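In: Structure for the following, please:
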Amino acid sequence: MNVPRVFHPLSLMSKCVALFVLVVGMASGCTTTSALQPVATTVPASITEKSASIVVDGSTGAVLYQASADLPRIPASLTKMMTLYLTFEALESGRLTKNTVIPVSAHAASQAPSKLGFKPGQSIDVDTAIKAIVVKSANDVAVALAEAIGGSEPQFAALMTAKARQLGMKGTTFNNASGLPDPLQVTTARDMALLGMALRRHFPQQYYYFSLHEFMFNGKLVEGHNRVLAKLNGADGIKTGYVRASGFNIVTSVNDNGRKLVAVVMGGDTAKARDQQVVDLVHSYLSMAASR
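Out: Model (predicted):
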């Protein structure tokens, strides 16, 4: 087996009219919309200082439902969606290949769990790194990728925030690549939906990673914890996240019989409650999505 090269870093608004478009909708209350009339949701939102949610038509960008979608929230490991966005950009530009081996620094190895448990000086190929981030949400691997692409994690975080602005994510600031607790790291449910849509639109050849349930690493099967992938027909991603301050977060994408949705739930009290809320939202609004 050939050893690949090592890569070193360098309102409720007045009555709902028409569909709100994701990039311009700014309501922060609980809203449901359709092309003509408001649609009563069967999923009442319980609003807390952590909670937020939004459902977006994945084909048109129309907002079908939102609750506190523009209020600041803690992304936790949803952060890694942007880490992977920049990784996919590096793959498309040729700066990385899936066989490129990246080193794990002492800083990367020191990250808190969830992690693969690398020691400083070890390495991982990019393909396995992507799988580790999607399935295991490995913080050590996220930082290793950040250092390989950005030169350092702070420099990479600056690239993440700059890319967020390019994508129209007005309420998001990244300060690390993993989503581990940081008072400066903030986002909104709307921004996470924007990012989820951008990942599918811009990287269709790489998007299959987000539907992975497991992967092999060092001869062992590593299983994921995104249970929604098995609960929803057509679910093909994307990412879960949790730190104590954020509650349980998820961005879910669905492609079912030509109808696409991106649904975001943030601040769930438990993983089970979060999963059930996003499943209920998809069931409530999938029929409203444009059929392509």
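In: Need the residues that contact the helix or strand in which Phe88 is found.
Out: In this structure, Phe88 sits in helix 80-93 according to DSSP states H and E. The contact list for helix 80-93 (CB atoms under 8 Å, 6 or more residues apart in numbering) reads 96-98, 126, 129-130, 133-134, 137, 142, 145-146, 149-150, 156, 159-160, 163-164, 174, 177-179, 192, 195-196, 198-199, 202-203, 206, 209, 238-239, 241, 251. All C-beta atoms are positioned from the backbone trio N, CA, C, and that covers glycine.
In: ok, now stretch 101-116?
Out: 3-8, 77, 118-126, 129, 132, 136-145, 147-148, 153, 178, 180, 217, 222.
In: Report the buried residues of it.
Out: For stretch 101-116, a neighbour-count test (16 or more other CB atoms under 10 Å) marks Val101, Ile102, Pro103, Val104, Ser105, Ala108, Ala109, Gln111, Ser114, Lys115, Leu116 as buried.
In: Any idea how far apart the tips of it sit?
Out: One end of stretch 101-116 sits 16 Å from the other (CA to CA, to the nearest Å).
In: related to what we said a few turns ago, next one: the helix holding Phe88 to chain centre, how far?
Out: The chain centroid and the centroid of helix 80-93 are separated by 12 Å, computed with CA atoms, centre = their mean, to the nearest Å.
In: Return the per-residue confidence for the residue nearest to Arg227 when sequence neighbours are not counted.
Out: Using CB to CB, 6 or more residues apart in numbering and skipping residues adjacent in sequence, the residue nearest Arg227 is Asp275, 5.5 Å away. Looking at Asp275, its pLDDT reads 97.
In: For burial, what's the neighbour tally of Asp275?
Out: Asp275 has 21 neighbouring residues, counting by other CB atoms under 10 Å.
In: List the contacts of it.
Out: Contact analysis of Asp275 by CB under 8 Å, 6+ apart lists Arg227, Val228, Lys231, Ile250, Gly268.
In: any chance of these in CSV, with distance to Val279 and pLDDT too?
Out: Output for the contacts of Asp275, formatted as CSV (distance: CB to CB, whole Å; pLDDT from 0 to 100):
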residue, distance to Val279, pLDDT
Arg227, 10, 94
Val228, 6, 96
Lys231, 5, 92
Ile250, 10, 98
Gly268, 12, 96
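In: Show me which of the contacts of helix 80-93 are buried.
Out: By neighbour count, with 16+ other CB under 10 Å, the contacts of helix 80-93 hold 96, 126, 129-130, 133-134, 137, 142, 145-146, 149-150, 156, 159-160, 163-164, 174, 177-179, 192, 195-196, 198-199, 203, 206, 209, 238-239, 241, 251 as buried.
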